[in-house]
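Engineer: what would the 3D arrangement of this be:
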Amino acid sequence: MSEHTEQQCVFEWAAYNIGKYPELELLAEIPNGGKRDIVTAVNLKAEGVKAGFPDIILPVPRGDNRYHGLSERRETARVRRTERVYCGEILRNERNSIMNKTKIDWADFSWNPVTGCENDCEYCYARKIANRFEGFEPRCGGEYIPDGKGTSPKSIYNSTHNEPLHIFNEQPFKRTIGGLWQKASFPYDFEPTFHRYRLDEPTHLKTPSTIFVCSMADLFGDWVPDEWIYDVFDACAAAPQHRYLFLTKNPARYWELKNKGLLPAESNYWFGATMTNSESENYTADNLPDYTGTPIPTHRNTFVSVEPIQDDIEDKHPTGGFFTYYSKCVKWAILGAETGNRRDKIVPKREWIEKIVKACQKAKVPVFMKSSLADIWGEPLIQETPFAANKT
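Structural biologist: Alright, predicted model coming up:
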């Protein structure tokens, strides 16, 4: 199909659907190419026509200013440098307002100013995603692209783990198979990376929302510099209309920050700890003598995420009943099963879930079952939150 025919089909579709989507009235083509005589070409250039600029635009913002419009560029021949620059610059400017809608049941958005993790969880979905989309290209043909400035990544080494940590002040990019540029979300695969350019994203979302912070990282892993955490907290404080949910396998870090007076105490911060089985090392009685018998700090909004459930946590935990023992310091329990088709995947038994639910109900702790439990628990799932309304 030729470019002319394809664009004609797009506008025919728009005309047919304009009654349903009135904003399609603003869909327009910008004629930037084609063969013209020299005089016409000079005049059009003087009027502002630019070769390589997107052909079709729809200047209609969507999603609480998350997207400021639609731009489309189609090429069947070799992609010219000007096209890469224009499309890349458009992407670079869009990054200031985009935060990802999430499919996670208990949040509205996920926000990842830090990505990567040094835990080696065999069931980790985040690592698989990062492995799939890793890589970036800071230089091409001797020139910084796409905006002429480059990303200038900085790598440092963590003194505890002697592993690389990476910092980006600008959005990195990578090339597609067709030669166009796209955002590089995981430039160093799943190595810990600080995307400083994402820190202002919550301020661009005006509607109060529940935001899962660092769904693609463990922000409180002991390899993460304190400064990264402080900067994320400052970014949250700059957009206080939202509710921020944090989750870690290293809840001891919460205590370290609390003792330093640096763990936010505002009501819109929720600090969670992840566990998967009764042997989760951060929650055994032997590892908690300095924590006054609590796995996460009191006097804060706290929750526990048991996902994936891998054994009978309530009965087998060294405390004699995890949620029975810790009910005074846990304000919410999230339960979920492992997803995917991993060979050794553990499918939780219904009775394991029932014991957790019973203990939580006795302690008046809200329980939220993720959709991954639907085949085990049945419908309807229990999806309670400690918030005034579900999710927001």
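
Engineer: from residue 197, how far off is the residue nearest to residue 101 when sequence neighbours are not counted?
Structural biologist: Among residues not flanking residue 101 along the chain, residue 109 sits closest, at 6.1 Å (CB to CB, 6 or more residues apart in numbering). Bear in mind the C-beta positions are built from the backbone N, C-alpha and C, glycine included. Remark: distance between residue 109 and residue 197 (CB to CB, to the nearest Å) = 17 Å.

Engineer: over to residue 344?
Structural biologist: Going from residue 344 to residue 197 by CB to CB gives 38 Å.

Engineer: ok, residue 103 next?
Structural biologist: Here residue 103 is placed at a distance of 24 Å from residue 197 (CB to CB).

Engineer: looking at those two, which one has more neighbours?
Structural biologist: Set residue 103 next to residue 197 and count neighbours by other CB atoms under 10 Å: residue 197 wins out with 17 against 8.

Engineer: what values do phi and psi take at the more buried one?
Structural biologist: phi -70, psi -10 (degrees, to the nearest 10).

Engineer: swap in residue 313?
Structural biologist: Residue torsions, per degrees, to the nearest 10, at residue 313 are phi -60, psi -40.

Engineer: what's the burial count for the spatially closest residue to residue 276 that is not a sequence neighbour?
Structural biologist: Residue nearest to residue 276 in three dimensions, not counting chain neighbours: residue 310, with 4.8 Å by CB to CB, 6+ apart. Using other CB under 10 Å, residue 310 has 21 neighbouring residues.

Engineer: what's the answer for residue 376, then?
Structural biologist: Using other CB under 10 Å, residue 376 has 16 other residues around it.

Engineer: list the buried residues in the helix or strand it falls within.
Structural biologist: Following DSSP states H and E, one finds residue 376 within helix 374-377. Buried positions in helix 374-377, judged by neighbour count with 16 or more other CB atoms under 10 Å: 376-377.

Engineer: who does it touch, helix- and strand-wise?
Structural biologist: helix 350-362 (3 or more CB pairs under 8 Å, 6 or more residues apart in numbering; DSSP states H and E).

Engineer: how far off centre is the helix it packs on?
Structural biologist: Using CA atoms, centre = their mean, to the nearest Å, the mean C-alpha position of helix 350-362 is found 30 Å from that of the whole chain.

Engineer: what helices or strands is it leaning on?
Structural biologist: helix 313-316, helix 322-325, strand 333-335, strand 367-369, helix 374-377.

Engineer: so what touches it?
Structural biologist: 306, 309, 311-315, 321-324, 327, 333, 335, 366-367, 369, 373, 376-377, 382 (CB atoms under 8 Å, 6 or more residues apart in numbering).

Engineer: residue 349 is in contact with the residue nearest to residue 276, correct?
Structural biologist: No - counting by CB atoms under 8 Å, residue 310 stays clear of residue 349, with 10.8 Å between them.

Engineer: next up, the contacts around residue 194.
Structural biologist: Residue 194 touches 113-114, 165-168, 228, 231, counting by CB under 8 Å, 6+ apart.

Engineer: read off the pLDDT value for residue 220.
Structural biologist: Looking at residue 220, its pLDDT is 95.

Engineer: brain fart, residue 93
Structural biologist: 51.

Engineer: now swap in residue 242 and tell me
Structural biologist: For residue 242, the predicted pLDDT is 96.

Engineer: swap in residue 189?
Structural biologist: pLDDT, residue 189: 89.

Engineer: how about the helices in the stretch 51-200 of the chain?
Structural biologist: With helices called from DSSP state H, counting those that start in this stretch, the stretch 51-200 of the chain shows them at 81-94, 125-133.

Engineer: least confident of those helices, on average?
Structural biologist: Of all the helices of the stretch 51-200 of the chain, helix 81-94 has the smallest average pLDDT, which comes to a mean of 51.

Engineer: and residue 212, backbone torsions?
Structural biologist: Residue torsions, per degrees, to the nearest 10, at residue 212 are phi -90, psi 110.

Engineer: i'd like the first residue to be 212 from this point on
Structural biologist: From this message on, residue numbering opens at 212, which makes the last subject residue 423.

Engineer: now do stretch 449-457: distance to the chain's middle.
Structural biologist: 14 Å.

Engineer: where in the protein is pLDDT low?
Structural biologist: Residue ranges of the chain with pLDDT under 70: 212-214, 242-247, 258-259, 261-265, 270-309, 349-374, 388-392, 490-509, 529-531, 599-603.

Engineer: distance of the nearest residue to residue 439 once chain neighbours are set aside from residue 251?
Structural biologist: Once flanking residues are discounted, residue 439 sits nearest to residue 405: 5.2 Å by CB to CB, 6+ apart. In this view, residue 405 and residue 251 are 50 Å apart by CB to CB.

Engineer: check residue 347 too.
Structural biologist: Where residue 251 is concerned, residue 347 sits at a distance of 40 Å (CB to CB).

Engineer: what do you get for residue 550?
Structural biologist: The gap separating residue 550 from residue 251 is 58 Å, by CB to CB.

Engineer: ok, the two, which is more surrounded?
Structural biologist: residue 550 (14 against 11).

Engineer: surely that one meets residue 339?
Structural biologist: No - at 10.9 Å, residue 550 and residue 339 do not qualify as touching, with contact defined as CB under 8 Å.

Engineer: residue ranges of the strands in the stretch 312-461 of the chain, please?
Structural biologist: Using DSSP state E, counting those that start in this stretch, the strands of the stretch 312-461 of the chain run over residues 320-322, 325-326, 350-351, 354-355, 365-368, 375-379, 384-386, 392-394, 404-406, 421-424, 454-459.

Engineer: export those strands to TSV and tack on distance to residue 568?
Structural biologist: Converted to TSV, these look like this (distance: least, CB to CB, whole Å):
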stretch	distance to residue 568
strand 320-322	26
strand 325-326	33
strand 350-351	55
strand 354-355	55
strand 365-368	45
strand 375-379	40
strand 384-386	45
strand 392-394	41
strand 404-406	38
strand 421-424	23
strand 454-459	21
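
Engineer: understood, closing this out.
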